[in-house]
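From the sequence below, what's the structure:
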Amino acid sequence: MRRTKIVASLGPATDAVAVLTDVVRAGVDIARINLSHGTAAEHCRRAAALRQCAAAEGRSVGLLLDLQGPKIRVERFRQGPVMLEIGAPFTIDVTFPPGEGTAACVGTSYRRLPQDLVVGDTLLLDDGNLALGVEALSDTAVTTKVIQGGLLSDHKGINRRGGGLTAPALTEKDREDIELAATVAADYIGVSFVRDADDIETVREWLREAGSQAHIVAKIERVEALENIDAIIDASDVIMVARGDLGVEIGDAELPGVQKRLIAAAQQANKVVITATQMMQSMVTSLQPTRAEVLDVANAVLDGTDAVMLSAETAMGQHPPRVIEAMDRICQGAEQHAGVTTPRERGDARFGDTDEAIAMAAMYTANHYSISGILAMTESGATAKWMSRITSAIPIFAMTRWATTERRTALYRGVYPVAFDPTGFSPDDINQQAMTELKSRQMVKNGDQLVVTQGDWSGISGRTNSMKIITVDDINEARPVREKSG
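Sure, this is the predicted structure:
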């Protein structure tokens, strides 16, 4: 079973029910909806369609809503895209009428742009495809010379090389979209252009006010985020290495090293990490990835990322299911490398609560004994998450009665959610019924030894306090072998 999870973006290319069903069958674990595009009605429709397809296929697929964040973009052009020639003058003016842009001047949605710049700065447009050297500034206009030319079209993004644009990470639209996230019961919220931990705390407050328990994904795509990375990781549930805008701000040469450091920092802090942006970009149109894309995905897996993400490849591409199948194949190939599953213990760690202590004891036992799988009876998914932070080749079955916990744990590396309600059984019957469920799914077989973690009080979150080893036998029963309580 693939341990690395796949996040795939929904869009026009996945709107047909048959295509979305094939996407679910192909193995998507988390579906992403980018709130920068489309209407609230479209987002609600796609979320509902996802849940229906996942239910029909018997799969737990999480939902990630990605906030737009600040719009730092050029406005529209009067007669369509314009060609900017190297050496030509070009002005970005905050007072220029929207929709009237030309090859000489265009407006911008970001009113503070002139105040954020100094002469000599370099502006990067359209993900770095065009570069402008800043030559003069006024209260309302930035006068530049084209350093790297090309075609510029409506609403392309603006970055400053080295970062430093002061636009706040959160907007009023983001607050409205958080209300939408609560309406569709999103499992994760992606926060774009995070600057510091305060941005994360603000989103968490807005989520609670909206009645949402969604976990927060901090998208690392600004230089300022790198400067505050430890606090951001601590405040968030997940980080995303958002390589598009981040690569524009820090430069392509710096990006590989930063990606590795971010994955390592998330691992060290026992947090979840997604690697994103243009991982299989050629498959927007091609039937096969390039060798460079194969190596890119594989290297992220080798570095220990929890998940790899697809954007335009599935949202706008010509064959979304095939892209997911290709990514699945690459991830599984990379996972065969011994370094991906070599046990990584936390021998010098001190644990913050009983759940974490039991989870670590279970993983140590599993990695040093003849164990075929780990069965975590969980309410919130916390125990399964702690377990997934330890490198291992052993599958972790997150058995829970809550659909929200199933969908959330679908993002964790090496964790496989299973719907199971222990509250309907006596304590003596729970393990037997759990084994019956896993055997019916062909996840375990007779003779397998499993580590089981659970609480004395089934159905109470945060009360995992025991670990035992059981053997699956011929009559679908679980025989206790030994027990350890904490």
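
With just CA atoms, put stretch 434-450 into PDB.
Output in PDB follows, covering the C-alpha atoms of stretch 434-450 (Å, rounded to 0.1, in the frame of the first residue of the first chain):
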ATOM      1  CA  ALA A 434     -12.000  -4.900  14.700                       C
ATOM      2  CA  MET A 435     -10.200  -7.900  13.300                       C
ATOM      3  CA  THR A 436     -13.300  -9.000  11.500                       C
ATOM      4  CA  GLU A 437     -13.600  -5.600   9.900                       C
ATOM      5  CA  LEU A 438      -9.900  -5.500   8.800                       C
ATOM      6  CA  LYS A 439     -10.100  -9.100   7.500                       C
ATOM      7  CA  SER A 440     -13.200  -8.200   5.400                       C
ATOM      8  CA  ARG A 441     -11.100  -5.500   3.800                       C
ATOM      9  CA  GLN A 442      -8.200  -7.900   3.200                       C
ATOM     10  CA  MET A 443      -6.000  -5.600   5.300                       C
ATOM     11  CA  VAL A 444      -4.900  -8.400   7.600                       C
ATOM     12  CA  LYS A 445      -4.800 -12.200   7.500                       C
ATOM     13  CA  ASN A 446      -4.700 -15.200   9.800                       C
ATOM     14  CA  GLY A 447      -1.400 -15.400  11.700                       C
ATOM     15  CA  ASP A 448      -0.600 -11.600  11.500                       C
ATOM     16  CA  GLN A 449       0.500 -10.100  14.800                       C
ATOM     17  CA  LEU A 450      -0.800  -6.500  15.300                       C
END
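
which of the residues in that stretch are buried?
434-435, 437-438, 443-444, 448-450 (16 or more other CB atoms under 10 Å). Yep, even glycine has a C-beta here, placed from its N, CA and C like the rest.

Check which element follows the lengthiest helix in the chain along the chain.
Under DSSP state H, the helix in the chain containing the largest number of residues is helix 40-57. Remark: after helix 40-57, the chain's next helix or strand is strand 62-66, criterion DSSP states H and E.

pLDDT (mean, whole number) over that next one?
The average of the pLDDT scores along strand 62-66 is 98.

In terms of secondary structure, what does that strand contact?
Contact analysis of strand 62-66 by 3 or more CB pairs under 8 Å, 6 or more residues apart in numbering; DSSP states H and E lists strand 30-34, helix 40-57, helix 172-183, strand 188-191, strand 215-220, helix 403-409 as its packing neighbours.

can you tell me how far M283 sits from A231?
Taking CB to CB, to the nearest Å as the measure, M283 falls 36 Å from A231.

When these two are compared, which one has more neighbours?
For M283 versus A231, the count of surrounding residues by other CB atoms under 10 Å is larger for M283: 25 against 14.

Quick check: which element contains the closest residue in space to that one that isn't next to it in sequence?
Spatial nearest neighbour of M283, chain neighbours left out: V323 (4.6 Å); criterion: CB to CB, 6 or more residues apart in numbering. When elements are defined using DSSP H and E, V323 is found to belong to helix 320-335.

Contacts for that helix next, please.
2-4, 6, 8, 13-14, 19, 22-23, 25-28, 279-280, 283, 287-289, 294, 297-299, 301-302, 308, 310, 313-314, 317, 340-341 (CB atoms under 8 Å, 6 or more residues apart in numbering).

circling back: and the longest helix of the chain, what's its mean pLDDT?
For helix 40-57, mean pLDDT is 97.

and what of stretch 89-102?
Here the average pLDDT along stretch 89-102 is 96.

how long is it from one end to the other?
By CA to CA, to the nearest Å, the extent of stretch 89-102 from end to end equals 12 Å.

With stretch 183-193 instead?
Stretch 183-193 has an end-to-end distance of 24 Å (CA to CA).

And E406, how far from S380?
Taking CB to CB, one finds E406 at 12 Å from S380.

Among the two, which residue is more densely surrounded?
Neighbours per residue (other CB under 10 Å) separate E406 from S380, with E406 holding more: 25 against 18.

and the more buried one, what is it in contact with?
Applying CB under 8 Å, 6+ apart, the residues near E406 are 60, 398, 400, 417-419.

What's the ChimeraX syntax to select whichever of those are buried?
To isolate the buried ones among those in ChimeraX, judged by 16+ other CB under 10 Å, type:
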select :60,398,400,417,418
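
Just put the contacts of E406 in JSON lines and tack on distance to E135.
Shown next, in JSON lines, are these (distance: CB to CB, whole Å):
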{"residue": "S60", "distance to E135": "55"}
{"residue": "A398", "distance to E135": "57"}
{"residue": "T400", "distance to E135": "60"}
{"residue": "P417", "distance to E135": "56"}
{"residue": "V418", "distance to E135": "62"}
{"residue": "A419", "distance to E135": "62"}
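
Now the contacts of E406 in JSON lines, please, with extra columns for distance to I86 and secondary structure.
Below are the contacts of E406 laid out as JSON lines (distance: CB to CB, whole Å; DSSP: H, G, I helix; E, B strand; the rest coil):
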{"residue": "S60", "distance to I86": "52", "secondary structure": "coil"}
{"residue": "A398", "distance to I86": "55", "secondary structure": "strand"}
{"residue": "T400", "distance to I86": "58", "secondary structure": "strand"}
{"residue": "P417", "distance to I86": "53", "secondary structure": "strand"}
{"residue": "V418", "distance to I86": "58", "secondary structure": "strand"}
{"residue": "A419", "distance to I86": "59", "secondary structure": "strand"}
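
so which of the contacts of E406 comes closest to P98?
Nearest to P98 out of these is S60 (CB to CB; 43.7 Å).

Is it correct that that closest one is in contact with L411?
No: counting by CB atoms under 8 Å, S60 sits too far from L411 to count as a contact (10.5 Å).

which residues of the stretch 51-200 of the chain fall in strands?
Remark: strands assigned in the stretch 51-200 of the chain by DSSP state E, counting those that start in this stretch are 62-66, 82-84, 89-93, 105-106, 122-125, 130-137, 141-148, 150-152, 158-160, 188-191.

For D252, find the nearest of those.
It's strand 122-125; of these, that one is closest to D252 (CB to CB) at 11.2 Å.

who's in contact with the closest one?
The set of residues external to strand 122-125 that reach it, using CB under 8 Å, 6+ apart, is 74, 92, 117, 130-134, 142, 144, 147, 152, 156-161, 248-249.

Flag the shaky bits of the stretch 301-450 of the chain, pLDDT-wise.
Low-confidence segments of the stretch 301-450 of the chain (pLDDT under 70): 338-339, 341-349.

hmm, 90 instead?
The stretch 301-450 of the chain contains residues with pLDDT under 90 at 337-361, 364, 366-368, 370, 390-393, 422-436.

burial measure for A103, as a count.
Neighbours around A103, by other CB under 10 Å: 17.

One more: G58?
G58, neighbours per other CB under 10 Å, totals 9.

Equivalent analysis for R175, please.
For R175, the count of nearby residues is 15 (other CB under 10 Å).

mind checking the end-to-end distance for stretch 89-103?
Across stretch 89-103, the terminal residues are separated by 9 Å (CA to CA).

tell me which residues of that stretch are tucked away?
90-94, 96, 101, 103.

Which two of those residues have the greatest separation?
Across those (CB to CB), the longest gap, 18.7 Å, separates V94 and A103.
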